[in-house]
Structures are given as structure tokens and as C-alpha cells.
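Trainee: The following comprises the amino acid sequence and a computationally predicted model.
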Amino acid sequence: MSKFWIAGLLLARSTSSFACQGNEDLYPARTNVELIERADLIVVGRVDWEQPATAHLSLEVGLTPLRTLKGTAPARLVLYGTTRDRSGELVRSSPTGLHGYHPSASWGSCDRQAYAPGSLVLAAFIRRADKFIQLGDRGVEDVGSLDDVWVRAASLYAKVVNYTAPSRRRRAFQRERELLLATTGDPDAKEIADEIAAYLKAMEREN
């Protein structure tokens, strides 16, 4: 596939995907905790195949779930995008931690558009009829390992969301934050605790 063809497909994808900015189901979540709350399915998976583009200008990348944090995952999932950048070169994995964005999210779309073959990603989806659709904004981000800070944070957030009623969720997150702040020798603990604090502050503004 030529780089000009890829660029054209990505342009068409980016133009149409601006629609997600008006769809509160798909875009955006103000904090990562809210992203986890909104999702029906969250997995850590490996990018393992690419479906060639078809007449409707859609590029599809396959994802095999390795760990499910929320919901029930099928054997395979689909992400929308390509494995190449705008020059036609294969992209590389770019783990982003809790606050970064994959570089391809800046290509004119509200969600990322490129995935490194064989890379690990943390991916959030909503269910629509008989399929899962990836969330926009930070709905899919690269992670360095199954113990990456982003995986640890999402696992914690999903645990609280999965097992705590909404009316008790604020207190549950406050307890988790206190435990994190009491942890020593863990460089990720304060970063996760600070993000929970931002979520709690956002909840206070709503009430």
C-alpha cells in the first residue's frame, strides 16, 4: 500500500471522526477514572494483524486481549487505524503513561490512528448492539508491559468501579488514594494518587 493511499485513508478517517466530539458516549472523559467508568470493556491486548482497507475507507487493526480489567472480552477485537505513519513507515510503540497521548492522535482526529505491530495497548470500548467500539480521546494507549503504571492505575480504577456502588464510589477512591500515599518505595503510587485526587475534585465540582 503506497504512502499516498495511506495518507488519503487517514485524512478521510480524521475528517469523519470529528463527529465523536459531539458524542458523549465516545468522547471525551475528563480523567482516566471517568474513562474507566464509562467503558463497557477494558482490556490489555496485543496488536497482531491488520485488515487491508476496503471501499469504505476503513483501516482495521486486530487486537488479541491478554488481560481483561472490565467486562467480558471476545477472542478478538478491532481497532480503527493502521500500522503505518503518514510517510508509510511502520510505527513504533510509544508508551504514554497516565497523561500522554499517542503521537497519531495529533493527525487531525480525536482518537489515535496508528498502532505498532506486536505492541501492547490498554484499550477501552463501549458496546453497541453486537460489537465493541473503541472510546475516543485516551481510549487506546500503548503500555510498556503488563505492569505499566497505566495498567496498574486502570486495574485499580476498574476494581473500584466493578465492585462499588456509584453512591459509595467517592469514599472508595478516597480510601485507595490514602493507601497509595502511605506506600513507600513505589514511584507510581503518588502519580496514581494525584490522578485520583483530580477525579475527586471533578466530582466535587459537579455536586
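Mentor: Ah, there it is.
Trainee: I'd like the next helix or strand past the lowest-mean-pLDDT helix or strand in the chain.
Mentor: The weakest-scoring helix or strand in the chain, judged by mean pLDDT, DSSP states H and E, is helix 3-17 (a mean of 42). Per DSSP states H and E, the first helix or strand lying C-terminal to helix 3-17 is helix 32-38.
Trainee: Buried ones in that following helix, by neighbour count?
Mentor: The neighbour-count check on helix 32-38 (16 or more other C-beta atoms under 10 Å) flags 32, 33, 35, 36, 37, 38 as buried. In this view, the C-beta of every residue, glycine as well, is placed from N, C-alpha and C.
Trainee: So which of these is the closest to residue 88?
Mentor: Nearest to residue 88 among the buried residues of helix 32-38: residue 35, at 31.4 Å, using C-beta to C-beta.
Trainee: who's residue 62 bridged to?
Mentor: residue 49, residue 78 (DSSP bridges).
Trainee: ok now the host helix or strand of residue 188, how far from the chain's centre?
Mentor: Residue 188 is part of helix 187-206 when elements are defined by DSSP H and E. The chain centroid and the centroid of helix 187-206 are separated by 18 Å under C-alpha atoms, centre = their mean, to the nearest Å.
Trainee: Kindly report the same for stretch 171-190.
Mentor: Distance, stretch centre to chain centre, for stretch 171-190: 23 Å (C-alpha atoms, centre = their mean).
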